[in-house]
Structures are given as C-alpha cells and as structure tokens.
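# Return atomic coordinates for the entry below.
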Amino acid sequence: MSASTSELRLIVIQMQISYHKGTNLTLAADLIKQAVSSPDAMVADIVNGQRTSRSDLFSNTLIVLPEFFNSPYDFGKIAENAEHIPGPTTDAIGKIADLFGIYVIAGSIPEVDGKLIYNTCVVFDPNGKIVAKHRKMHMFDADLPGGRYCESDVFASGSSFTTFQAGEWKVGLGVCHDVRFPEMATAYALQGCHMIVYPSAFEMVTGKAHWKLALQARALDNQIYVVGAAPARHDASAYPVWGHSALIGPWADVIAEADEKESILRQVLDLDAVRNARQQIPLAKQRRTDCYRNINQ
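All right, here's what the predicted structure looks like:
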C-alpha cells in the first residue's frame, strides 16, 4: 500500500565514527541497507544492486546521518579529510540514495572550497542527485570544563539558510551549534518548513546539559518537527560525543531517542501533527513583529 502523501518515513542513523574514511563510508552504507531492510521480496534485488523499479516500501523515505559521519571530529585531521563537493563521499552516498530511491541527508563532512574549509551538510534526492548543500553558519567557540573549542580557527562560516522539498515536506537544515540560535529556526518556520534537521556532535558537557533541551526548544518555539542526528559515543576518542540522537514533535514531545550506542531510529511522521499544533495555538498569527522587528538595533 502506498504511503499517504503527507507521511514521511524518517530514519536516523547513529553510527560510530572511526579514523578511517573508507571504513566510515562502508559502515554508513551498511547501516542504510540495514535500516531499510524488509521481508519484501524486492529488497534482495536492491541490496544486490539489481533494482529494476521503485517500491512503495521506500516511498518518501528520509535517511539522516550524523555530523562528520565520514571522518573524526579532530582538528588535526580536518584539512587531511576535507573534500570537494561533489567528491568521493558525496559520490558514494549519492549512489546509495539512487539505489534505494530515498532521500538522504548526509550528516556533514569537511568541505574544501579554494583555501577555505566548511562544515557542510549535503542532501540527495531519490535519484541520487544533490538537491541542497548547507554550510554550518555558527561556529562552536567555547571554553568549557572539559576543554576549549574554537571551530572558527579551522572552519569558515556559511551564510545562507538552506531548505529542500521531500514530497509535501519542506525541510530546513542546520548543523550542530546552529541549533542554539532560535532566530534561524524561526526563519525556517516562517519560510514554511515542517521540519528542521540538525546533524550534530555535541560533546559530553553540553550534550548532557543542553542537547535535548535545545531540540525541544526549537520545536516548541516553531511548532515544527526537529531532528538531532548524532554519532555514537566512542569513549576512547579524543572527542567523546554525547550521542542520544532524537526526534522531537511539533508539541515539543520526545517521539524517539537513542542512548549513546550505535543505533537506528525509525518513525513515520505525518504533516497533520504540525497543522494541528499550529491550529491549536496559532503562534504565527500572534507574533508581535511591530514590537520586536528591530531587535538587533
């Protein structure tokens, strides 16, 4: 049976990242295959690379990978692992998207463009074509009990909002630290987005204190689905991450949440949840832009 056109099959992959790019790409492909596996007879043909037609099984399916899914979050390795887009990583993920006929938000990768490096999220449509590219806008510069971080020493900042369409769904993109800025999320909501996806890799201190809270706050503010896709924790890593990928509903409810281990979250979402939340409390109509339009002055 075909999925409702207002439904979206969301799959969030929380994978453990190694120092070997080839291993990470193989793992990402394997977990995507695992995530969409089914007794449906067509799956065997797809996994063997023999797809001859598209199936309703994968209709309007969106896979989300974590921030820096192809390489470690290690400032000493960023330049070494940076790629052009398109490049080896995007070529590999594009083939997977085309093979299964699914949308893929490929977390983020270090992107080299001239002399600059960006933390970039790339989106593929069910034909494996790149349909969106978001460069992280806000750099994580922080002095915390667990260490000092200064992303602005390594990365250039993006300066554009990025959206794409998946069927009836309009989706906005942010990367990690972008989630802390409510103005960005509100801009997406005002542009008509039904969901914002944040591939992220919060570290242990801010992860425990702020991760889920920030995701819920952006959902609450904007009556929107919010997805946080994180890597799995590796305690021996130089940068242990919090993990805990999560899906938040437009009522700010936690629909699904992982722990710190490698895992896959699956959920069928419906646009009616967004419509209902906005009808019950019509925040968009109640905004007093006449009072705070000059907030930055």
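# got a list of what the spatially most central residue of the chain touches?
When Cα atoms, centre = their mean is applied to the chain, the residue found nearest the centroid is P199 (3.6 Å). Contact analysis of P199 by Cβ atoms under 8 Å, 6 or more residues apart in numbering lists 64-67, 69, 105, 107-108, 121, 175-176, 229-230. Every C-beta, even on glycine, is put in place using the N, C-alpha and C of the backbone.
# next one: A229
Listed by Cβ under 8 Å, 6+ apart, the contact set of A229 reads 12-14, 64-67, 105, 107, 197-200, 245.
# May I have the beta-bridge partners of the closest residue to it other than its chain neighbours?
Distances taken as Cβ to Cβ, 6 or more residues apart in numbering place V64 nearest to A229, at 4.4 Å, with adjacent residues excluded. Counting by DSSP bridges, V64 is bridged to V12, I105.
# same question, E7
On the basis of DSSP bridges, E7 is bridged to D270.
# show me what contacts it?
Contacts of E7 (Cβ under 8 Å, 6+ apart): N60, V268, L269, D270, L271.
# Likewise for W169?
Counting by Cβ under 8 Å, 6+ apart, W169 has contacts L8, N60, L62, H194, M195, L271.
# Now for those residues: which two are most distant?
Distance extremes for the contacts of W169: the farthest pair is L62 and L271 at 13.3 Å, using Cβ to Cβ.
# Could you report the pLDDT at the residue nearest to the centre of the chain?
Looking at P199, its pLDDT reads 98.
# That one and Q191, how far apart?
Look at P199 and Q191: by Cβ to Cβ, to the nearest Å, they are 20 Å apart.
# pull the helix or strand with minimum mean pLDDT from the protein.
helix 42-47 (a mean of 39; mean pLDDT, DSSP states H and E).
# quick revisit: flag the least confident of the contacts of W169.
For the contacts of W169, the pLDDT minimum is N60, 91.
# which non-adjacent residue is nearest it?
N60 sits nearest to G167 (Cβ to Cβ, 6+ apart), 4.6 Å away.
# mind listing what the one you found touches?
Contacts of G167 by Cβ under 8 Å, 6+ apart are T5, L8, N60.
# Could you do M195 as well?
So M195 contacts L8, W169, K170, V171, G172, I224, Y225, V226, V227, L269 (Cβ under 8 Å, 6+ apart).
# again, 10 Å this time
Residues near M195 by Cβ atoms under 10 Å, 6 or more residues apart in numbering: 8, 10, 62, 163, 166, 169-173, 188, 219, 224-227, 247-248, 250, 269, 271, 274.
# Likewise for S159?
R135, M137.
# from what I can see R9 touches F100, true?
No - between R9 and F100 there is no contact under Cβ atoms under 10 Å: 11.5 Å.
# higher neighbour count, the two?
Each of R9 and F100 has its neighbours counted (other Cβ atoms under 10 Å); F100 has more, 25 against 19.
# So L62 and L271 - more neighbours on which side?
More crowded of L62 and L271, by other Cβ under 10 Å: L62, with 23 against 20.
# any idea how far I32 is from the residue nearest to N60?
Look at G167 and I32: by Cβ to Cβ, they are 19 Å apart.
# what stretches of the chain score poorly on pLDDT?
1-4, 38-59, 295-297 (pLDDT under 70).
# what are the ranges of the helices in it?
21-35, 42-47, 78-81, 88-100, 182-190, 204-206, 212-222, 271-280, 283-286, 289-292 (DSSP state H).
# hmm, back to that, next, show the common contact partners of L62 and L271.
By Cβ under 10 Å, 6+ apart, L62 and L271 have these common neighbours: L8, G167, W169, M195.
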